[in-house]
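Participant: Just the structure for this:
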Amino acid sequence: MDVSLVTVTGDNGVSLEIPDNFFEFSANERLEPVVSEDGEKYYQIWHLGHHLGVYLHWKSGTVVAGSRLDRRVFANSTIQKFRECVLSLAEHFPYYSDDPDQDELNEAGRNLENLVGAIDRPAVDEGTFWSDFISDIVMGSYVE
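Facilitator: Next up, the predicted model:
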């Protein structure tokens, strides 16, 4: 899978180098500032249509994802770890053969959990962006 890094800039001169795409996700053309219901400032960095966004929390530097900020889940501890996870997962694609059995799907899930966990251990905790992605892999959702 071909993933390149692009530099995305916001109104205040902040710029980030992020992956340009990953499956159906695309980098925003610019950093979009968003304020959550609890008053916290985020920048939307990625989107999946109008359904899902990936956001950088400005104060902590953590990356979260969700259909809305009030429904966000943890993705990565830092933007650097997010970038590293995406690039590493793209490098290892395809994750299984064209006609995988359940054992092969389970093995792919374990391998990806180890890969992401080695980069950012909390990113594979249950209920996170990457644990949901890996669950989709185990269900066979990403056959090339």
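Participant: So which bits of stretch 99-119 are buried?
Facilitator: Under the neighbour-count criterion of 16 or more other Cβ atoms under 10 Å, stretch 99-119 has 100, 105, 108-109, 112-113, 115-117, 119 buried. For the C-beta atoms, the positions are set from N, CA and C on the backbone; glycine is no exception.
Participant: show me the contacts for W130.
Facilitator: 75-76, 85, 116, 123-124 (Cβ atoms under 8 Å, 6 or more residues apart in numbering).
Participant: among the residues you listed, which are in strands?
Facilitator: With strands taken from DSSP state E, the overlap with the contacts of W130 comprises 75-76.
Participant: Which among the contacts of W130 count as buried?
Facilitator: 75-76, 85, 116, 123-124.
Participant: ok, now how distant is N114 from M139?
Facilitator: N114 sits 19 Å away from M139 when distances are taken as Cβ to Cβ, to the nearest Å.
Participant: This structure: strands as residue ranges?
Facilitator: Going by DSSP E, the chain shows strands at 5-9, 15-19, 21-22, 25-35, 41-48, 52-57, 63-66, 73-76.
Participant: Pairing partners for the longest one, with directions?
Facilitator: Next to strand 25-35 in the sheet, as set by DSSP bridges, lie strand 21-22 (antiparallel), strand 41-48 (antiparallel).
Participant: Also the second one?
Facilitator: Using DSSP bridges, the strands paired with strand 15-19 are strand 5-9 (antiparallel).
Participant: Figure out how far the partner strand is from the centre of its chain.
Facilitator: 16 Å (Cα atoms, centre = their mean, to the nearest Å).
Participant: Stretch 23-33 too?
Facilitator: 11 Å.
Participant: cool, stretch 67-77 as well?
Facilitator: With Cα atoms, centre = their mean, you get 10 Å for stretch 67-77.
Participant: Now do the buried residues in it.
Facilitator: By neighbour count, and taking 16+ other Cβ under 10 Å as the criterion, the buried residues in stretch 67-77 are 69, 72, 74-77.
Participant: same question, stretch 127-142
Facilitator: Of all the residues in stretch 127-142, those buried under the rule 16+ other Cβ under 10 Å are 128-131, 133-134, 137-138, 140, 142.
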